[in-house]
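# coords below, sequence missing:
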Ligand code: SAJ
């Protein structure tokens, strides 16, 4: 089959490789010149390693669409500064497909979207061209579930859900995914259910992290170690799922997806008080983390204002280079607003210090915001205060002031 994939990021690129490995002809479209030139040079733009298979890619090639039986849209769906879903990438990718569509082709959106977007935003783009679903094209949603860096779950074996505008669309998409995936594919009764499934998965994670973040604040008044309690609760072999407190929730999924549901429900007349409160709690963790540093400095009779504070780790999660919605950015903003001189170090991201050693020479007072493996080599003799935003360590009788998030 001829397949055109629009968006060659951490979702679209592995999907392209999988389709090629299953014998399909794949064309790729991406608006990043860098990605296009990397692929043309035979380099995987996501993992930065040699390509398994070269395939035609372009910034803009209508023929890729016109020659394809299946179009898969894998573009980002970020939130804007008002925490509103920004659907422009999905809309422009859909318009690009519609303007060059081959008759009876199957169009699938994998981007994470809120319930109702396929019927109220995407399908009208086809309607406007007079296309009749089931006659001129088929339309479905199969939410992406890629987990970057996961050694076990990959694009081929992760179970998926799929839903179409019509039953026939669902069948067509189901047929396609079962032909390329080794994992199970679940047919949803309609496209809204497929949209809601992904949002619910990630919102579930956000509210559970908010729960343990609130516990961390509460238990710090009772001299109870939250992490130990969670480890204790995890010995229960059923009906408990561990999450851990931290300096905040970052990434392009977890802190973003709940706003999709909150906004959509609001537009339909429901107010998600609980989800909004969970977002508030998670968004409060950078401030809470800085306050731990302020209190620790106080014990050293130091003010934050005018003191050099190291921020160790910038990425939103360990051992990746990804700043999106990272809590470290908020921690830095608050520190600067309160008059601290901030020096950053992240081995994966351009930062102030040239090395961990250089960082430690300059920053005896530090807030760890990412648990990169490399930080296990911290030289404890050089530390005066460590606020451990990811509970990477525990107070192993340190001879400096150590504070974790919810740790005693
Ligand atoms: N976090 C906590 N406490 C936790 C877990 C995470 O504070 O107990 C923080 C992390 O530090 C990070 C943020 O939340 O800043 C997000 O962490 P994450 O582990 O959820 O990482 P993501 O953003 O890569 O989430 C992806 C998601 N995958 C997809 O959307 C397809 C998510 O659904 C997965 O559950 C998650 O990976 C995973 O399990 O690793």
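Now that the structure is in, tell me what you want to look at. Small disclaimer: the values here were computed from a predicted structure and weren't measured.

# So which bits of the stretch 201-350 of the chain are right by the ligand?
Contacts of the stretch 201-350 of the chain with the ligand, taken as CB under 6 Å from any ligand atom, map to 201-202, 205, 209, 243-244, 246, 249-251, 253-254, 316-317. All C-beta atoms are positioned from the backbone trio N, CA, C, and that covers glycine.

# 5 Å - rerun?
202, 209, 243, 244, 246, 249, 250, 251, 253, 254, 316, 317 (CB under 5 Å from any ligand atom).

# What strand or helix carries the fourth one?
Taking DSSP states H and E as the definition, one finds residue 244 inside no helix or strand.

# Assess the claim that it and residue 231 are in contact.
No - using CB atoms under 8 Å, residue 244 is not in contact with residue 231; the gap is 9.3 Å.

# more neighbours, those two?
Neighbour count, other CB atoms under 10 Å: between residue 244 and residue 231, residue 244 has more, with 17 against 12.

# Give the full set of residues in contact with residue 108.
Neighbour list for residue 108: 70, 71, 72, 73, 139, 140, 141, 142, 173, 176 [criterion: CB atoms under 8 Å, 6 or more residues apart in numbering].

# ok, so of the residues you listed, who is nearest the ligand?
When the contacts of residue 108 are compared for distance to the ligand (CB to the nearest ligand atom), residue 142 wins out at 12.2 Å.

# show me what contacts that closest one?
So residue 142 contacts 108, 109, 110, 160, 161, 162, 173, 177, 194 (CB under 8 Å, 6+ apart).

# Just give me the neighbour total for the second one.
A count of neighbours around residue 109, defined by other CB under 10 Å, yields 30.

# Contact partners for it?
Contacts here follow CB under 8 Å, 6+ apart; on that basis residue 109 touches 72, 73, 90, 94, 118, 122, 140, 141, 142.

# mind listing which of these are in strands?
72, 73, 140, 141 (DSSP state E).

# Domain-wise, how is the protein divided?
Following automatic domain parsing, the chain resolves into domains at 2-189, 195-408.

# In CSV, list these along with mean pLDDT.
What follows is the domains of the chain, written out as CSV (pLDDT from 0 to 100):
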stretch, mean pLDDT
domain 2-189, 95
domain 195-408, 97
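
# Need the three-state assignment for residue 343.
Here residue 343 is strand, with the state taken from DSSP: H, G, I helix; E, B strand; the rest coil.

# just checking, it touches residue 310?
Yes - counting by CB under 8 Å, residue 343 does reach residue 310; the two are 5.2 Å apart.

# Compare these two (neighbour count), which wins?
Neighbours were counted for residue 343 and for residue 310 using other CB under 10 Å; residue 310 has more, 24 against 18.

# Give me the distance between the nearest residue to the more buried one once chain neighbours are set aside and the ligand.
Closest residue to residue 310 apart from its sequence neighbours, by CB to CB, 6 or more residues apart in numbering: residue 363 at 2.6 Å. Residue 363 is 22 Å from the ligand, where distance means CB to the nearest ligand atom, to the nearest Å.

# for residue 192, same thing?
Computed as CB to the nearest ligand atom, the residue 192 to the ligand distance reads 19 Å.

# count of neighbours near the residue lying closest to that residue once chain neighbours are set aside?
With sequence-adjacent residues excluded and distances taken as CB to CB, 6+ apart, residue 192 is closest to residue 115, at 4.7 Å. The tally of other residues near residue 115 (other CB under 10 Å) stands at 23.

# Over to residue 115: give its phi and psi.
According to degrees, to the nearest 10, the main-chain angles of residue 115 amount to phi -50, psi 130.

# how close does it sit to residue 190?
Using CB to CB, to the nearest Å, residue 115 is found at 10 Å from residue 190.

# Let me see the ranges of the helices in the stretch 201-350 of the chain.
226-233, 257-267, 273-283, 285-299, 327-337 (DSSP state H, counting those that start in this stretch).

# list the buried ones in the shortest one?
Counting neighbours by 16 or more other CB atoms under 10 Å, one finds that the buried residues in helix 226-233 are 226, 227, 230.

# and if you look at the longest one?
When neighbours are counted by 16+ other CB under 10 Å, the buried residues of helix 285-299 are found to be 285, 286, 288, 289, 290, 292, 293, 294, 296, 297.

# I'd say the first one and residue 210 touch.
No - the criterion here is CB under 8 Å, and residue 285 misses it with residue 210 at 9.2 Å.

# Tell me the gap between stretch 15-34 and the middle of its chain.
When distances are taken as CA atoms, centre = their mean, to the nearest Å, stretch 15-34 is centred 22 Å away from the chain's centroid.

# List the contacts of that stretch.
1-9, 12-13, 36, 39, 44-45, 52-53, 55-61, 64-65, 67-68, 72, 74, 96, 110, 155-156, 179-181.

# Let's see the PyMOL selection covering just the buried ones among those residues.
Here the buried members of those are turned into a PyMOL selection, burial being counted by 16+ other CB under 10 Å:
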select buried, resi 2+3+4+5+6+7+8+9+12+13+36+39+44+45+55+57+58+61+64+65+68+72+74+96+110+155+180+181
